[in-house]
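# sharing a sequence plus its predicted fold:
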Amino acid sequence: MKTILPSHTSSLSRLNRILSNRDFDNARFFILVDENTYNNCLAPLVSSVARLQEAEFLEVPVGEECKDLAIAQQLWETLLESGADKNTILVNLGGGCVSDLGGFVAAGYKRGIRYINIPTTLIGMVDAAIGGKTAVNMGGCKNQVGFFHQPTITCIEPSFLDTLPDEELFNGVFEMLKTFLIGNPEQYQALTDMLLSGSFEVKPDMIAACVEIKNAIVKKDPKDQDIRHILNLGHTFGHAIEAFSHRQGQALLGHGMAVGVGLICALYLSVKKLGLAAEHLERYRQVASKLVQLPHYTLKDTEEILTYMRQDKKNASGEICCVLLQDMGAPVIDIAVDENEIRDSLLKIK
Ligand SMILES: NC(=O)c1ccc[n+]([C@@H]2O[C@H](COP(=O)([O-])OP(=O)(O)OC[C@H]3O[C@@H](n4cnc5c(N)ncnc54)[C@H](O)[C@@H]3O)[C@@H](O)[C@H]2O)c1
Ligand SMILES: [Zn+2]
């Protein structure tokens, strides 16, 4: 698997060079897009990458709606009808929804064809397009059916972020903060300094640093059996907070924003249970409040959030387990937290 990281030469021109080499001689390309990436990203891609000028494109619905088995089936049927063989390469041009679906389709078609991820959201660049987890949703629950199937190439071109709405950008910034909390305290300091100064311009070298951290973790544990769990910092809370935000009357939080709020709880418990210095919690809280309005939960809300947390698939033997931080850059997995600690941390978000 090759990752084309942002650098002084355009990532798309490096992709162009790679795709002109012999490994790709007999390849037939299909580009998977949604409406937004069709409108904003397809033209710059095909104008820079010669081998993709003849590619056929496939469009799927925007957002989670596309991560659906029926849509995957339609794509498999279209590929079959057009005679796509084992040399077919699927190019996923989009955010995490497009790459999760496209990776899933590639993993299943003819028992596995190659695919290339070209992420166009910040979440895609720093997280979803790397690591080979693919999935569709089922029964109203996320990522229930999927495969591990590594992309042949992930090409990260930061200029695609130019058309991304701020809210989507902030979702990605929270995943970056999470990645630096577990893997690079210096970059964490630099990113939080920047955010605290009121600048939200995401620097290509910060994206590259995130990708390197995630790639290194995935390399150690590609099938997500132990160490890769550290990437879930803030996510046990985050998933429940995200689900709760979808309830009527609540302010809707995107995945990254919900994880961003969940990180406050995780850091709060890290201070209480593992002795993390309290100043890290306070600094993080200040940064988070620049990007998202921090929710104020009532005791009744915390009961509902707990209901979601009890369903989290990563709980061992009925206990709710979290990733916490012993120190900056020093995560610990599988820390059991009791329900009173969870209630307490949710009540202390603000
Ligand atoms: N496989 C993994 O390891 C992994 C990791 C993290 C997240 N995910 C998955 O990723 C998904 C979330 O990713 P996401 O936030 O990128 O979602 P997304 O693909 O839905 O993109 C978010 C929105 O941005 C739009 N968009 C994309 N690129 C654009 C551009 N350049 N300009 C304008 N608009 C653009 C999309 O059309 C969509 O409306 C979730 O389903 C999550 O489960 C997977
Ligand atoms: Zn996440």
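On my side now, so go ahead. Ligands and ions are numbered 1, 2, ... in the order given.
# just to be sure, Gln144 is in a helix?
No: Gln144: not assigned to a helix; according to DSSP: H, G, I helix; E, B strand; the rest coil it is strand.
# near ligand 1, which residues of the stretch 1-150 of the chain are found?
When proximity is defined as CB under 6 Å from any ligand atom, the stretch 1-150 of the chain approaches ligand 1 at 34, 36-37, 40-41, 62-64, 67, 94-98, 100, 120-121, 123-124, 127-128, 131, 133, 142-143. C-beta here means a position set from N, CA and C on the backbone, and glycine is covered the same way.
# please flag which of those residues sit within strands.
34, 94, 133, 142-143 (DSSP state E).
# so what does the helix or strand that contains Ser345 touch, helix or strand wise?
Using DSSP states H and E, Ser345 sits within helix 339-347. Under the contact definition 3 or more CB pairs under 8 Å, 6 or more residues apart in numbering; DSSP states H and E, helix 339-347 sits against helix 235-245, helix 255-274, helix 299-310.
# confidence score at Val218?
pLDDT for Val218: 97.
# buried stuff in the helix holding Ser345?
Using 16 or more other CB atoms under 10 Å as the test for burial, helix 339-347 gives 341-347.
# would TSV of the residues you listed with pLDDT be doable?
Shown next, in TSV, are the buried residues of helix 339-347 (pLDDT from 0 to 100):
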residue	pLDDT
Glu341	97
Ile342	97
Arg343	97
Asp344	97
Ser345	98
Leu346	98
Leu347	97
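# which pair of those residues spans the longest distance?
Glu341 and Leu347 (11.0 Å; CB to CB).
# would you map the helices across the protein?
For the chain, the helices defined by DSSP state H occupy 11-19, 35-40, 42-48, 69-81, 96-108, 122-123, 166-183, 185-196, 204-220, 235-245, 255-274, 278-291, 299-310, 339-347.
# closest one to Met138 among the ones you listed?
Among these, helix 69-81 comes nearest to Met138, with 6.6 Å by CB to CB.
# contact partners of the closest one?
Residues outside helix 69-81 that contact it (CB atoms under 8 Å, 6 or more residues apart in numbering): 30, 32, 58, 60-61, 65, 88, 101, 104-105, 108-109, 136, 138, 145.
# just the buried ones among these, please.
30, 32, 58, 60, 88, 101, 104-105, 108-109, 136.
# greatest separation within the residues you listed: which pair is it?
Maximum pairwise distance in the buried ones among the contacts of helix 69-81, criterion CB to CB, is 19.6 Å, between Thr88 and Val136.
# before we move on, back to that, give me the buried subset of the residues of the stretch 1-150 of the chain next to ligand 1.
Buried among those by 16+ other CB under 10 Å: 34, 36-37, 40-41, 62, 67, 94-98, 100, 120-121, 123-124, 127-128, 131, 133.
# okay, the closest residue to Asp127 other than its chain neighbours: pLDDT?
Distance criterion CB to CB, 6 or more residues apart in numbering; nearest residue to Asp127, sequence neighbours excluded, is Glu175 at 4.8 Å. On pLDDT, Glu175 comes in at 98.
# I'd say Glu175 and Val126 touch.
Yes: using CB atoms under 8 Å, Glu175 is in contact with Val126, at 5.4 Å.
# of the buried residues of helix 339-347, closest to Asp205?
Ser345 (33.2 Å).
# list the contacts of the closest one.
237, 264-265, 268-269.
# how close does it get to ligand 1?
Separation of Ser345 from ligand 1 (CB to the nearest ligand atom, to the nearest Å): 23 Å.
# which single residue in the stretch 201-350 of the chain comes nearest to ligand 1?
Here the stretch 201-350 of the chain gets closest to ligand 1 at one residue, His255, 5.6 Å apart by CB to the nearest ligand atom.
# now do the stretch 151-300 of the chain
Nearest residue of the stretch 151-300 of the chain to ligand 1: Thr163, at 3.6 Å (CB to the nearest ligand atom).
# burial of Asn26, as a residue count?
Close neighbours of Asn26, defined as other CB atoms under 10 Å, add up to 9.
# quick one, what contacts it?
Asn87.
# show me the protein divided up by domain.
Using automatic domain parsing, the domain parsing of the chain gives 2-163, 171-347.
# Glu341 reaches Val271, doesn't it?
No: the criterion here is CB under 8 Å, and Glu341 misses it with Val271 at 11.6 Å.
# for Ile212, give me its contacts.
Ile isn't right for residue 212; it's Glu. By CB under 8 Å, 6+ apart, Glu212 lies in contact with Leu5.
# just give me the neighbour total for the residue nearest to Leu5 when sequence neighbours are not counted.
Nearest residue to Leu5 in three dimensions, chain neighbours excluded: Ala208, at 4.4 Å (CB to CB, 6+ apart). Taking other CB under 10 Å as the criterion, the count of residues near Ala208 is 18.
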